[in-house]
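Undergrad: one predicted model, sequence on top.
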Amino acid sequence: MDTIRKINYTVVPGGVLKGTMTVPGDKSISHRALMLGAIADGETRIRGLLQGEDILATAFALREMGVRIDLSCGRDVRVQGVGLNGLCPPRRPLDLGNSGTSARLFAGLLAGQRFESVLTGDASLQRRPMQRVVTPLRQMNADLTCTEGGTLPIHIKGSQGLKGIHYVMPVASAQLKSSLLLAGLYAEGRTCIEEPVPTRDHTERLLTRFSCPVDRTGRTVCISKTDKLTAADITVPGDISSAAFPMIGACIADGSDITLQRVGVNQTRRAVIEILQMMGADITLYNEYEPGYEPVADIRIRSSRLHGIAIPPRLVPAAIDEFPAIFIAAAYADGLTVLRNAAELRVKESDRLQAMADGLQATGIHATPMEDGIEIEGGVMRGGIVNSCTDHRIAMAFAIAGIRAEGPIQILDCANVNTSFPGFVKTMQAAGLDVIEEIDDV
Ligand code: S3P
């Protein structure tokens, strides 16, 4: 029988975060750099690639389709591009683990190939909505199906030729937009995607970097069928979604003063900074510059007294992955924090509105989940036991919460932290968080 490795964290209150730190490479950019490098002509070099399990899922799937990816030099990776039509049929279903980005983006990329493929993933990924990509890809003439419930596995038949469409996205989703842009590389004519609100634009920026410009007019992005992408040198900035944890830890732990170096601060991702500043956080950006295709900055955070706010709906998509951490800031703020228009949080790696409300209640904070949001009354966090629901961001959110709780917080099922923030425990210990990792082989 297989052993299952369970990892739990215990955080003892009282730490202070100090010094400078770097966070792992941006997850969204790392996926896209690997995928575009794989279908480009020539060798793509990626510096600072995230070494998390989600990214390895993308890398292994590409290797299964004949792409040579040299991961032997740690974060400095080389991809031998096979060209737009050079991928080979996979011999087995592509297991994308916990990674929603891999599943949605591969659906678009593989819809344009002449061979069959099957996409699957772990229990959490198998519960997440896939119909949102299957419906428009079918309108583009792709032959693919998911289950009746709109979930994985996705079966993709060999393409008979895709056609461009104009698609109005019913949800604000960068994964959906990116899936259609990748399919658009193979579709006759133009593929245009209209977003309800702007979502992260890493695919557009990287496509331009790989010599395939994307046009944007207002909320609509368009791509035309292309003959080739050209390999590029990519440096991946630090992931602001990972930076959010030490950032909020430093806001809430008295006496903290940390600087996070070379973090990506793309406008479509940085709303966590604006939300925290509205709550009274002391955050300053230094050395902001745009070395290539994405802006980066050093971010200094000093502890300060926070107050609750109504989070403006316009900021929701640009902070979508940071809400578990932001809810911890709200738990320690004076007064009420209200979030609405965030129903997408229910279909992430876990139902993040429910998982966070449960964890906050278990540790003594009043939190009321709503259909599309949550209300959190700032107070005293007692400590206790929290179930991460196998969601990396729930686990890391409660780990940083523990810095200021009245008693220890134990967080169960934290193995998936490795999907996005390998080395989280060591990095946070070095910064001053009193966290230990217990490994249980069951
Ligand atoms: C991502 C987009 C977001 C985000 C996810 C990564 C991406 O998902 O939550 O972690 O890389 O495009 P949606 O597109 O579903 O909003």
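TA: Structure's in. What do you need?

Undergrad: if you count neighbours, what's buried in the host helix or strand of residue 137?
TA: Per DSSP states H and E: residue 137 is located in helix 131-139. Buried residues in helix 131-139, counted by 16 or more other CB atoms under 10 Å: 132-134, 136-137. For every residue, glycine as well, the C-beta is placed using N, CA and C.

Undergrad: and if you look at stretch 310-329?
TA: Using 16+ other CB under 10 Å as the test for burial, stretch 310-329 gives 311, 315-329.

Undergrad: what about that stretch, start to end distance?
TA: Taking CA to CA, to the nearest Å, stretch 310-329 runs 13 Å from one end to the other.

Undergrad: and the buried residues of stretch 310-329 near the ligand, which?
TA: 320-321 (CB under 6 Å from any ligand atom).

Undergrad: out of the buried residues of stretch 310-329, which are inside helices?
TA: Members of the buried residues of stretch 310-329 lying in helices (criterion: DSSP state H): 323-329.

Undergrad: wait, what's in contact with the closest residue to residue 397 other than its chain neighbours?
TA: Distance criterion CB to CB, 6 or more residues apart in numbering; nearest residue to residue 397, sequence neighbours excluded, is residue 324 at 3.8 Å. Taking CB atoms under 8 Å, 6 or more residues apart in numbering, we find residue 324 in contact with 352, 355-356, 391, 393-394, 396-397.

Undergrad: domains of this structure?
TA: Structural domains annotated on the chain: 5-24+237-441, 27-223+230-235, as defined by automatic domain parsing.

Undergrad: format these as JSON lines; extra columns: mean pLDDT.
TA: Shown next, in JSON lines, are the domains of the chain (pLDDT from 0 to 100):
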{"stretch": "domain 5-24+237-441", "mean pLDDT": "97"}
{"stretch": "domain 27-223+230-235", "mean pLDDT": "97"}
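
Undergrad: isn't residue 422 up against residue 51?
TA: Yes - using CB atoms under 8 Å, residue 422 makes contact with residue 51 at a distance of 5.5 Å.

Undergrad: list residues touching both of the two?
TA: Contacts common to residue 422 and residue 51, judged by CB under 8 Å, 6+ apart, are residue 24.

Undergrad: tell me which element the residue in the stretch 1-150 of the chain that the ligand sits nearest to is part of?
TA: For the stretch 1-150 of the chain and the ligand, the shortest gap (CB to the nearest ligand atom) falls at residue 28, measuring 3.2 Å. Taking DSSP H and E as the criterion, residue 28 maps to helix 27-39.

Undergrad: same for that helix, what does it pack against?
TA: strand 41-47, helix 53-64, strand 76-82, helix 100-111, helix 174-184, helix 202-209, strand 233-235 (3 or more CB pairs under 8 Å, 6 or more residues apart in numbering; DSSP states H and E).

Undergrad: now residue 164: how far from residue 140?
TA: According to CB to CB, to the nearest Å, residue 164 and residue 140 sit 7 Å apart.

Undergrad: overlap in contacts of the two?
TA: Residues touching both residue 164 and residue 140 by CB under 8 Å, 6+ apart: 187, 191.

Undergrad: next to the ligand, which bits of the stretch 1-150 of the chain? Give me the list.
TA: Applying CB under 6 Å from any ligand atom, one finds that the stretch 1-150 of the chain approaches the ligand through 28, 101.

Undergrad: and if we set it to 8 Å?
TA: Contact residues (CB under 8 Å from any ligand atom) of the stretch 1-150 of the chain with the ligand: 27-28, 31-32, 100-101, 104-105.

Undergrad: mark which of the residues you listed are buried, thanks.
TA: 27-28, 31-32, 100-101, 104-105.

Undergrad: wouldn't residue 281 be in contact with residue 304 here?
TA: Yes - if you go by CB under 8 Å, residue 281 and residue 304 touch, sitting 5.7 Å apart.
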